[in-house]
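Chemist: starting from these lines, generate the structure:
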Amino acid sequence: MSRPRFIALLLVLGTLAVYLPATHHGFTLYDDNDYVAENPMVENGLTWAGVKWAFTTWHASNWHPLTWLSHMLDCQLCQLFGLGLNAGVHHTINVLFHAANAVLLFSLLRRLTGALWPGAFVAALFAWHPLHVESVAWVAERKDVLSTFFALLTLHAYVKAVTRDKGQVTGTAYSPSPVTRHPSLFYWLAVVCFALALMAKPMMVTLPFVMLLLDYWPLKRFRVPDSGFRVWDLFREKIPFFALTAASCVITFLAQHRGGAVASLDLVPLDYRLQNAPRACVGYLLKLICPAHLAILYPLPEKISPLAVAAAVAVLMLISAAVWFGRKRGPYWLVGWLWFAGALVPVIGLVQVGGAAMADRYTYFPSIGIFLAVTLGMRDLVERFRFPAAIMATIAGLVLAACLVLTHRQLGYWRDDVSLFSHAIAVTKDNDSAHLNLGFALEKIGRKADAMTEYRESLKLEPSRAETHNNIANLLDDGDHTEEAMAEYQAALRLNPKYMPALNNLGAMLVEQGRSGEAMKLYAESAQQAPDDWHAPYLIGKALLKQNRDEEAIPYFQRAVAIDPNNPRVLAFLAQVLASDENPKIRNGPAAYAMANKANALTGGIQPAMLDALAMTYAELGRFNDAEQAAQDALKLATAYDMTNDMAVIQQRLQLYQNNQPFRESFTNTPLKEPPKN
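Modeler: Numbering: from 1, shown residues only. Down below sits the predicted model:
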């Protein structure tokens, strides 16, 4: 085996080994629900409806159809092998893409620089640096590893298109390629790969500028004596790339603005953004050098010290001046620095998206520039002062070993939500979002008292967040503190009158109190705010059932199914109504079976509630043996999941099926409140 292939194999094996624990992690509540775990369009796998949705939706405040399609393909694989909604598959694909990116980077740098070991070291740093754990271990950040995969393919194709032979390109000034006059196959391949990179994550809009940097060094296309070639030709040949960049910027801004992800200037003033940008840039640089106190959330500080801003600006200016004046001796310093700083421009906070000051994932592609500059700088330093090769190899090995240890440690915090957000609280200050998400994670596993403590802490740090009031209200309502819960729902709606979960939850509480008229007004407002959301018609239907107005309720449930035809919860509940309602005018066995069977298939046959609904439909159709089998399967799963209340109810129904009797029920006592959405 050749040395480059052996190095590539080591990169892959090392990456797979350090990230192996991630394949056993579950979904995190932070964005993974939107992207996969509670997204029926994605969970249903690759379908024509899903493909159309991927290219037309602005869901999650982004337009990245290739990312949606990749998640759908993962779900399709899960269905093919009968794995259900398996987070391990999604994590495994992320890790494989990351390993592939390391190999692509090594191959690219070897071609560009002709340096084997420096290229290998840069690729290993990229693969094993702890700052990249977030991009790999987070299912929702598939867009990072996927977009970088196509970005590196873009650069490979571009370099091939603008060089005349298959050798290394460093050290030789080439005549201009025929790209500007007679585009080659590799040129158009680069354009296609760039489009795919943008369709995975629009952060890649700066890639044409990286190409220009490579034109400067190591391709040396800025100066080609006696060729008649002008620098303008370098820009002209990239017109298709810049056109794609412009289109992506417009689409992304519209998607994020429409989705409410872009913070207004009233909320985050321009002067604040200008102060935070240099701080964030220096912060990323420091974390690349010393990857400590890494967190999924870094809150925007309430105030920014002028001294901190001045220091950050001074650092950036000094580095910029140093690389500019040293460009002749070491052009890679200028290229690497501008690669890093330029690639961060879309996410530096000038257009503030969300409430984070910075994010580890944003360094995934930009960090390559710093790794390249520092590595080649150290190589030249070693050659100049003739340091022993063995000593430098030992130092490089120790650096990579430290990265592996720190990456393994950082990856451990991603094993579950409680660990992830507890760590964020421990390493950051006044992190209200981390407290809120930790509270939600604790609530999900039944630690309601601890969850309330975290919600209260989050509210103390940020009193104007409607979501926190809503989650506190949910816990108070569960504890029968009705008046306090209502006050919290009302507080949430004072802060944000359009906040849909609070509208729906307060409506459910009012129905329980017999104030259906007031509740229906809230549901109507919720439906008006989100006409394409299934919650409002679904809750209206449940409210009508509670009033014994079953015939009026059915059209609302059908509306909810029409809005979200792949929602297992809605399908299973409507199937239950159509199969077991006391009113014979409501019951429709064939329709109930179709819905329950679909809900069970969508969830991989591993959720007791779906199997329970399916058993009811079998019984309504007179298929009592099938009903008994489905109920027994549901009971086994409920027992395995320690769902005590469900076990008792399913057991009672099972006895009816064993006696060849269908299940009948009145829905006047149907609980209305939906689980809170984070």
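Chemist: now the helices: where do they sit in the stretch 401-550 of the chain?
Modeler: Assigned helices in the stretch 401-550 of the chain, in chain order: 417-427, 432-444, 448-461, 466-478, 482-495, 500-512, 516-529, 535-546, 550-563 (criterion: DSSP state H, counting those that start in this stretch).
Chemist: now those helices in a markdown table, with distance to His91, mean pLDDT and mean neighbour count?
Modeler: No exception for glycine: its C-beta is placed from N, CA and C like everyone else's. Formatted as a markdown table, the entries for those read as follows, by distance: least, CB to CB, whole Å; pLDDT from 0 to 100; neighbours: other CB atoms under 10 Å:
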| stretch | distance to His91 | mean pLDDT | mean neighbour count |
| --- | --- | --- | --- |
| helix 417-427 | 14 | 98 | 20 |
| helix 432-444 | 18 | 96 | 24 |
| helix 448-461 | 26 | 97 | 18 |
| helix 466-478 | 27 | 95 | 23 |
| helix 482-495 | 34 | 96 | 18 |
| helix 500-512 | 29 | 93 | 25 |
| helix 516-529 | 35 | 92 | 18 |
| helix 535-546 | 30 | 93 | 24 |
| helix 550-563 | 31 | 94 | 18 |
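Chemist: which one of those lies closest to Val351?
Modeler: With distances scored as CB to CB, the stretch of the helices of the stretch 401-550 of the chain nearest to Val351 is helix 432-444 (19.4 Å).
Chemist: elements contacting the closest one?
Modeler: Here helix 432-444 touches strand 298-299, helix 417-427, helix 448-461, helix 466-478, going by 3 or more CB pairs under 8 Å, 6 or more residues apart in numbering; DSSP states H and E.
Chemist: the ones you listed: which one's closest to Arg3?
Modeler: Closest to Arg3 of the helices and strands packed on helix 432-444, according to CB to CB: helix 417-427, at 39.6 Å.
Chemist: centre of the chain to the closest one, how far?
Modeler: Here the centre of mass of C-alpha atoms in helix 417-427, compared against the chain's by CA atoms, centre = their mean, to the nearest Å, lies 18 Å away.
Chemist: quick one, it and helix 448-461 angle?
Modeler: Between the axes of helix 417-427 and helix 448-461, defined by axes from the mean of the first three to the mean of the last three CA atoms, to 10 degrees, the angle is 40 degrees.
Chemist: got the contact list for helix 417-427?
Modeler: With CB atoms under 8 Å, 6 or more residues apart in numbering as the contact definition, helix 417-427 has outside contacts at 28-30, 293-297, 412-414, 431, 434-435, 437-438, 440-442, 444-445.
Chemist: remind me, longest helix of the chain?
Modeler: The single longest helix within the chain, with elements called by DSSP state H, is helix 87-113.
Chemist: in that helix, what counts as buried?
Modeler: Applying a neighbour-count criterion of 16 or more other CB atoms under 10 Å, one finds 87, 89-113 buried in helix 87-113.
Chemist: what helices or strands is that helix leaning on?
Modeler: The elements that helix 87-113 packs onto, with contact taken as 3+ CB pairs under 8 Å, 6+ apart, are helix 3-19, helix 65-80, helix 116-128, helix 133-137, helix 142-162, helix 367-385.
Chemist: so for it, mean pLDDT?
Modeler: Predicted confidence along helix 87-113 averages 97 (mean pLDDT).
Chemist: now swap in stretch 31-47 and tell me
Modeler: The model assigns stretch 31-47 a mean pLDDT of 88.
Chemist: restricting to C-alpha, output that stretch in PDB.
Modeler: Taking C-alpha atoms only, stretch 31-47 is exported to PDB below (Å, rounded to 0.1, in the frame of the first residue of the first chain):
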ATOM      1  CA  ASP A  31     -33.400  21.000  16.500                       C
ATOM      2  CA  ASP A  32     -33.300  17.200  16.000                       C
ATOM      3  CA  ASN A  33     -37.100  17.100  16.400                       C
ATOM      4  CA  ASP A  34     -37.500  19.700  13.600                       C
ATOM      5  CA  TYR A  35     -35.100  17.900  11.300                       C
ATOM      6  CA  VAL A  36     -35.900  14.300  11.900                       C
ATOM      7  CA  ALA A  37     -37.500  13.000  15.200                       C
ATOM      8  CA  GLU A  38     -40.800  14.800  14.900                       C
ATOM      9  CA  ASN A  39     -40.800  15.600  11.200                       C
ATOM     10  CA  PRO A  40     -43.200  13.300   9.400                       C
ATOM     11  CA  MET A  41     -42.100  14.300   5.900                       C
ATOM     12  CA  VAL A  42     -38.600  13.200   6.800                       C
ATOM     13  CA  GLU A  43     -39.500  10.100   8.800                       C
ATOM     14  CA  ASN A  44     -41.500   8.800   5.900                       C
ATOM     15  CA  GLY A  45     -38.300   8.300   3.900                       C
ATOM     16  CA  LEU A  46     -37.700   9.200   0.200                       C
ATOM     17  CA  THR A  47     -41.100   9.800  -1.400                       C
END
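Chemist: closest to the centroid, which residue in the protein?
Modeler: With distances taken as CA atoms, centre = their mean, Ala140 lies nearest the centre of the chain, 2.2 Å away.
Chemist: closest one to Tyr332 among the helices and strands packed on helix 87-113?
Modeler: helix 367-385 (4.5 Å).
Chemist: could you give the separation of that closest one from the chain centroid?
Modeler: Distance, stretch centre to chain centre, for helix 367-385: 33 Å (CA atoms, centre = their mean).
Chemist: ok, stretch 57-64 next?
Modeler: Its chain's C-alpha centre lies 11 Å from the corresponding centre of stretch 57-64 when counted by CA atoms, centre = their mean.
Chemist: and for stretch 120-128?
Modeler: 24 Å.
Chemist: what about that stretch, average pLDDT?
Modeler: Averaging pLDDT along stretch 120-128 gives 98.
Chemist: any idea which element Tyr284 lies in?
Modeler: Secondary structure here is read from DSSP states H and E; on that basis Tyr284 sits in helix 270-289.
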